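Chemist: Show me how the following folds:
(one chain, ligands or ions: 1)
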Amino acid sequence: MANDQVDRTVVSQGPARAAGQATARVTQLPATDPTGEAAQVAESLQATLVELIDLSLHAKQAHWNLVGPSFKPIHLLLDELTDQYRDWYDEVAERLAAIGVSADGRIATVSAGTPLEPLPAGQLRDQDVLAFFDARVTLVADRVRARLDPIGAHDLLSQHLLLSIVLGLDDQCLTLGAYRSGST
Ligand SMILES: [Fe+2]
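Modeler: Next up, the predicted model:
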């Protein structure tokens, strides 16, 4: 074991173990600390990860608290959106791993880093939910779109991933607009 790992070894703080029972040990692995081009790529991917996780949480919150005459189709639509956000943020997190950087999807990180305004607590009217999502999905699409050129200068595969997410978010905006206008 490397010296820097030995120094960070933490012994479990749980109840005392019976005599002879192995003590659980948790080893703090070295933090990934990208520099240069990898740091710039990682920053864009991590920001996108946070935004997509928060969008998925928004979609479930709205799915559970939706009310109104269009409950059924929008209830189902919100789960479709959730599935897409989960697929996308999983790909983003795994791209971070592929470039040697640890993804940070902890709720405290998401809460501190998200640009999205929280949804109101309690019941949410169907037309309000469509407006909330139209605004939030448009915001995230624009933020990810702005990362395409900078990330493409360093990593074409990450750019390709973010491009596919922008296309998906734009498609969600079209769908939300169609629901808002009553054309679905
Ligand atoms: Fe459900």
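Chemist: V166 contacts R143, correct?
Modeler: No: counting by CB atoms under 8 Å, V166 stays clear of R143, with 9.7 Å between them. The way it works is simple: take the backbone N, C-alpha and C, and place the C-beta from them, glycine included.
Chemist: which of those two has more neighbours?
Modeler: Applying other CB atoms under 10 Å to V166 and R143 shows that V166 carries more neighbours, namely 19 against 16.
Chemist: wait, is the more buried one part of a strand?
Modeler: No: per DSSP: H, G, I helix; E, B strand; the rest coil, V166 lies outside any strand segment and is helix.
Chemist: gap between it and D134?
Modeler: 16 Å (CB to CB, to the nearest Å).
Chemist: and if you look at K60?
Modeler: 18 Å.
Chemist: next one: phi and psi at the residue nearest to Q40 when sequence neighbours are not counted?
Modeler: Spatial nearest neighbour of Q40, chain neighbours left out: H154 (5.7 Å); criterion: CB to CB, 6 or more residues apart in numbering. Backbone torsions of H154, given as degrees, to the nearest 10, read phi -120, psi -30.
Chemist: Now do the same contact list for H154.
Modeler: By CB atoms under 8 Å, 6 or more residues apart in numbering, the residues touching H154 are E37, A38, Q40, V41.
Chemist: Tell me the confidence at it?
Modeler: You'll see H154 listed with a pLDDT of 92.
Chemist: In the contacts of H154, find the pair that's most separated.
Modeler: The widest separation within the contacts of H154, taken as CB to CB, falls between A38 and Q40 and amounts to 7.4 Å.
Chemist: Most neighbours among the contacts of H154, please name it.
Modeler: That'd be V41 among the contacts of H154, by other CB under 10 Å, with 25 neighbours.
Chemist: Am I right that that one is in contact with S158?
Modeler: Yes: when contacts are counted by CB under 8 Å, V41 is listed as touching S158 (5.3 Å).
Chemist: list the residues that contact both of those two?
Modeler: Joint contacts of V41 and S158 (CB under 8 Å, 6+ apart) are I99, I151.
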